[in-house]
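Enquirer: let me see the structure of the following:
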Amino acid sequence: MELRANILEGKEYDFNKYVHGSYKDITPTYYTIGYFMNSMLYEKNPEIHLEIYEDMRKNLLRPFNFQRALKKHHGAKASVLFAETIDHLKEKWTPEEATNTAPPLTFDDKYPTHYLLPQRVGEYMYAIQRNNQRPQRIVKFHTLNPQKVEHIIYTGVQLMPYFHIHNNLIVWDEYRKDSRFSKQTYNIINIYDCKTKTKKTLTLKSRLYTPVVSPDATQIACVKVGLDNKSALTFLDINSGIELDSIVMPNDIHIQQPYFNEEGTKLVCIGVSGKGTTLLEIDRYNKTITPLMEWSNLQLERPSYASHDIVFKVNQKGKDEIFVLRDGNIYPLTQSRYGAFHPTSDSTVVWFSEYTSQGFKINKISMADLSKNATTLTKAETLFDRQNSFSAAEQTFTPDSLDNAIKPYRTLPHSINFHSLTISANDFESFDNYKPGIYWLSNDVLNTTRIKVGRTNER
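Expert: Next comes the predicted model:
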């Protein structure tokens, strides 16, 4: 999306800026641009990656090994491949012929700034604000004076930006690591009272995600993932954090992003399984689970109730838009330029985050603009024909087809696996405490044990 917006708005950045990123402008990650460049290689020759790896393996001591192998098998270096990729995307992506969204709210921000998950309470709008100037925080502004943004509270580290507000209560989840055993991680629930301006951590050492306050403000519903990797919809007491009830999902289904209806009797959420994704409606008291759509390969996000309808985000034809599920039929609501996300209903209006080249901005659309024609969601495809025709079912692997026989994993003998050299004692994680030297690194194949042997030049 970031790449598409830059291309359509004529923002032509060079290869180094796309790889290393920018504080001044929005660029996609190196992973994103690398995906498209690798896809271009795959379109040309499905075996080219193996050919490059094999060439590098035969010339381990050759300087600039990867660049030479790439040029030999592709015929050009990485920067040329980048230029070819951008030219290809310019042909694939064309401006939208028409949109039905008004210009979003703009703020006097010095740098590109994202405003995510807009939610209206009374005369005020709340949202997550993200930019390179300060830590992620929750802000609010008066709907009649959007230029005056007021700080509410900073959030800690999150796996993905999230919060939910109901009346004066804000809940959100945060990621935690054990201070000693860094691979032991947790996800905790926080609550903030806007009236008393007090924050409370409801759970410690928990594995709870995307909390949402019930309409009567007595409970919090959230997703719980156990160490057995089973998913459940769990209900907590809003004051103590004590678990009151839980609805365990079938073994093959995980759930995401639950949201209460106005009566508090049902919740809608995303279901994920080996069959793909769908929307699920869960009865709070009967504990029944009802799929609302066919399973698909689509990326569904942020379903919420709009009276008796359900609004949600889904990717269609290469772009993310907001749709409405009404009486079993699906209707398109937004037709944005680059993408619409995070819908929440405010009476007859749906607020959402619309993507622009300067970040996600807050916008709204009336439910009266809902299309009268129902649509059928189509599966997601890439921009590359060869990838779309690839079938994972055709790739069958059996123990006999592997080069080596499958053997048991033994923890102690297999804990030593030296693989590379480095000249930094801290793997360049921080140049403030750089300790030069030479070190031999070992990580076992499960990445649970690490050994470092070497010599430092520090005196």
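Enquirer: how long is stretch 240-260 end to end?
Expert: 20 Å (CA to CA, to the nearest Å).
Enquirer: make that stretch 419-435, sorry
Expert: End to end - CA to CA - stretch 419-435 spans 20 Å.
Enquirer: swap in stretch 38-54?
Expert: End-to-end distance (CA to CA), stretch 38-54: 17 Å.
Enquirer: could you do stretch 17-24 as well?
Expert: 11 Å.
Enquirer: list the buried ones in that stretch?
Expert: Buried residues in stretch 17-24, counted by 16 or more other CB atoms under 10 Å: Tyr18. In short, each C-beta sits where N, CA and C put it, glycine included.
Enquirer: now it: how far from the chain's centre is it?
Expert: Computed by CA atoms, centre = their mean, to the nearest Å, the chain-centroid distance of stretch 17-24 equals 20 Å.
Enquirer: can you tell me what sits against it?
Expert: Tyr13, Asp25, Thr27, Pro28, Thr29, Tyr30, Ile33, Phe82, Tyr111, Asn132 (CB atoms under 8 Å, 6 or more residues apart in numbering).
Enquirer: which among those residues end up buried?
Expert: Looks like the contacts of stretch 17-24 have Thr27, Pro28, Ile33, Phe82 buried, using 16+ other CB under 10 Å.
Enquirer: can you flag which of the contacts of stretch 17-24 belong to strands?
Expert: Per DSSP state E, strands hold no members of the contacts of stretch 17-24.
Enquirer: packing partners for the helix or strand hosting Ala221?
Expert: Using DSSP states H and E, Ala221 sits within strand 219-225. For strand 219-225, the elements it packs on are strand 185-193, strand 208-213, strand 231-237, strand 254-260, judged by 3 or more CB pairs under 8 Å, 6 or more residues apart in numbering; DSSP states H and E.
Enquirer: thinking again about what came up before, what about the buried ones among the contacts of stretch 17-24, which are in helices?
Expert: With DSSP state H as the criterion, helices contain Ile33, Phe82 from among these.
Enquirer: any idea how far stretch 271-289 is from the chain center?
Expert: So, by CA atoms, centre = their mean, the centroid of stretch 271-289 is 21 Å from its chain's centroid.
Enquirer: residues contacting it, please?
Expert: Residues contacting stretch 271-289 (CB under 8 Å, 6+ apart): 233, 247, 249-250, 252-256, 258, 264-270, 290-300, 303, 310, 312, 325.
Enquirer: now the residues you listed: which count as buried?
Expert: Using 16+ other CB under 10 Å, the buried ones in these are 233, 247, 249, 253-256, 258, 264, 266-270, 292-293, 296, 298, 300, 303, 310, 312, 325.
Enquirer: can you tell me the closest non-neighbouring residue to Ala53?
Expert: Heads up, residue 53 is Tyr, not Ala. Leaving aside its chain neighbours, Tyr53 sits nearest to Ala69 (8.0 Å; criterion: CB to CB, 6 or more residues apart in numbering).
Enquirer: what pLDDT is listed against the one you found?
Expert: Note on Ala69: pLDDT of 96.
Enquirer: hang on, it packs against Lys58?
Expert: No. At 9.3 Å, Ala69 does not count as touching Lys58 under the criterion of CB atoms under 8 Å.
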